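Student: Prediction below, plus the sequence it came from.
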Amino acid sequence: MKALGIIFSNIHNETIDELTRKRTSASIPFGGRYRLIDFALSNLVNAGVDNVGILAQKNYQSLMDHLGSGKDWDLSRRNGGLVIFPPFGNYKIDTLYTSRLEALISIKGFIENQKEELVVLMDCDSANIIDFNEIFDFHLNKGADITILYRHGKCEKDLEKNMNFILDEEGRITKANLKSKIGTITNSCINMFILNRRLLQGLLEEAISQGMESFHRDLIFNNIKIKTDILCLITPQLYLKEYDIVRIFNKPMLKTNYNMIFALLIVIAVYTAVWWLEAESGKVMKKERI
């Protein structure tokens with residue numbers, strides 16, 4: 001499935017200020033070897049998504065150093081591949097965006113110029129392994145315009161500000177709340193969305209014309225509240241797909257340390273050359289003795 005991936009690298013910086021004073025939340029180290037963005041990129045690339053945009057707001061030097069050209073994920077391409085969007089990239093915007101919706105509006109032109117049918121919107125605040133091919137199949141089989149991934153379970157403090165949903169038997173949202181109560185069993189949104197690209201374009205145009213500010217409240221929550229009109233107009237039908245967060249990493253990442261491999265090859269070449277020179281010099285010495 002051809003899809004466009006859009007990753008928010010700075011959305012949760014304020015919740016972990018000590019760790020993000022000099023870097024984005026996406027470039028926080030994990031396990032001494034990886035960064036949080038490695039999980040998002042690997043999940044997308046393993047599902048065949050080869051066109052990924054990363055929204056960066058501030059402190060993104062370490063993120064750029066880590067990603068490079070995207071070669072480690074096979075995203076160094078002439079068409080598509082990995083694109084990093086710094087702030088103020090749109091000449092029509094002269095202020096730093098402060099929300100998810102404003103960030104999307106700043107790259108509206110990029111979204112419009114892409115050819116993929118679907119768009120995946122996701123954060124970099126969790127370590128997980130998700131088969132997006134399964135999600136794409138679910139999305140298309142349901143005929144949904146928007147699919148939201150959620151976590152079912154006890155609401156912890158870190159999910160208090162996340163939207164939560166009540167679902168019917170088919171997985172369709174019947175009611176939503178903008179916040180969750182700590183300790184209750186909820187279906188908490190984990191801020192991963194799959195939606196049709198043209199639908200996203202229309203939602204962004206609507207947000208600009210009406211001065212909307214919040215992606216969750218103005219685009220998702222309000223559409224749920226007026227779902228009968230939406231169905232009549234053949235506009236967004238919202239579905240959920242349950243995916244719990246995998247906190248233990250048990251699958252190899254796609255990222256490879258090419259620098260280490262290159263250094264190892266150089267060492268082998270040097271040792272081989274030294275061995276050959278020593279062998280040749282030994283032969284010369286034997287001939288001189290004869």
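Tutor: Yep, it's here. Numbering: from 1, shown residues only.

Student: can you map out the strands along the stretch 151-290 of the chain?
Tutor: 164-167, 173-177, 185-196, 238-242 (DSSP state E, counting those that start in this stretch).

Student: Quick one: residues in contact with the first one.
Tutor: Judged by CB atoms under 8 Å, 6 or more residues apart in numbering, the contacts made with strand 164-167 from elsewhere in the structure are 148, 150, 155, 173-177, 179-180, 186-189, 240. Quick note: C-beta positions are derived from backbone N, CA and C, even for glycine.

Student: hmm, which two among the residues you listed are most spread apart?
Tutor: Taking every pair in the contacts of strand 164-167 and measuring CB to CB, the maximum separation is 18.8 Å, between 155 and 174.

Student: Of these two, give the one with the bigger neighbour count.
Tutor: residue 155 (20 against 10; other CB atoms under 10 Å).

Student: Leaving out the residues flanking it, which one is nearest to the more buried one?
Tutor: Sequence neighbours aside, residue 180 is the residue nearest to residue 155 in space, at 4.4 Å (criterion: CB to CB, 6 or more residues apart in numbering).

Student: Residue 164 now?
Tutor: residue 186 (4.1 Å).

Student: Read off the pLDDT value for that neighbour.
Tutor: Note for residue 186: predicted pLDDT of 84.

Student: What of residue 231?
Tutor: For residue 231, pLDDT reads 29.

Student: What are the boundaries of the helices in the stretch 1-150 of the chain?
Tutor: 36-46, 61-67, 100-106, 108-112, 132-142 (DSSP state H, counting those that start in this stretch).

Student: Which stretch among those is buried most, on average?
Tutor: Counting by mean count of other CB atoms under 10 Å, helix 36-46 has the highest mean neighbour count of those, with a mean of 23.

Student: Please name every helix or strand in contact with that helix.
Tutor: strand 3-8, strand 29-30, strand 51-55, helix 61-67, strand 118-123, helix 132-142 (3 or more CB pairs under 8 Å, 6 or more residues apart in numbering; DSSP states H and E).

Student: Relative to residue 161, which of the helices of the stretch 1-150 of the chain is closest?
Tutor: Nearest to residue 161, of these and by CB to CB, is helix 100-106 at 12.7 Å.

Student: Which other helices and strands does that closest one contact?
Tutor: Using 3+ CB pairs under 8 Å, 6+ apart: helix 100-106 touches strand 3-8, helix 197-210.

Student: returning to that earlier point: okay, the strands of the stretch 151-290 of the chain in JSON lines with distance to residue 5 next?
Tutor: Shown next, in JSON lines, are these (distance: least, CB to CB, whole Å):
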{"stretch": "strand 164-167", "distance to residue 5": "23"}
{"stretch": "strand 173-177", "distance to residue 5": "24"}
{"stretch": "strand 185-196", "distance to residue 5": "10"}
{"stretch": "strand 238-242", "distance to residue 5": "17"}
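
Student: out of these, nearest to residue 116?
Tutor: strand 185-196 (9.8 Å).

Student: Check which residues of that closest one are buried.
Tutor: Buried residues in strand 185-196, counting neighbours by 16 or more other CB atoms under 10 Å, are found at 186, 187, 188, 189, 190, 191, 192, 193, 194, 195, 196.

Student: is the fourth one in a bridge, and if so with what?
Tutor: Yep, that's residue 189 we're talking about. residue 150 (DSSP bridges).

Student: which ones are touching it?
Tutor: Contact analysis of residue 189 by CB under 8 Å, 6+ apart lists 148, 149, 150, 162, 163, 164, 165, 216.

Student: returning to that earlier point: reformat the helices of the stretch 1-150 of the chain as a markdown table; add mean pLDDT.
Tutor: Shown next, in a markdown table, are the helices of the stretch 1-150 of the chain (pLDDT from 0 to 100):
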| stretch | mean pLDDT |
| --- | --- |
| helix 36-46 | 90 |
| helix 61-67 | 87 |
| helix 100-106 | 89 |
| helix 108-112 | 91 |
| helix 132-142 | 87 |
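
Student: The ones you listed: which one's closest to residue 212?
Tutor: Closest among the helices of the stretch 1-150 of the chain, once you apply CB to CB, is helix 100-106, at 6.3 Å.

Student: Go through the contacts of strand 164-167 and name the one nearest residue 141.
Tutor: residue 240 (14.0 Å).

Student: where does the stretch 151-290 of the chain dip in pLDDT?
Tutor: 225-264, 280-290 (pLDDT under 70).

Student: bridging residues for the residue positioned nearest the centre of the chain?
Tutor: A centroid search over the chain (CA atoms, centre = their mean) returns residue 7, at 3.7 Å, as the residue closest to the centre. Judged by DSSP bridges, the bridge partners of residue 7 are residue 54, residue 122.

Student: That'll do, ta.
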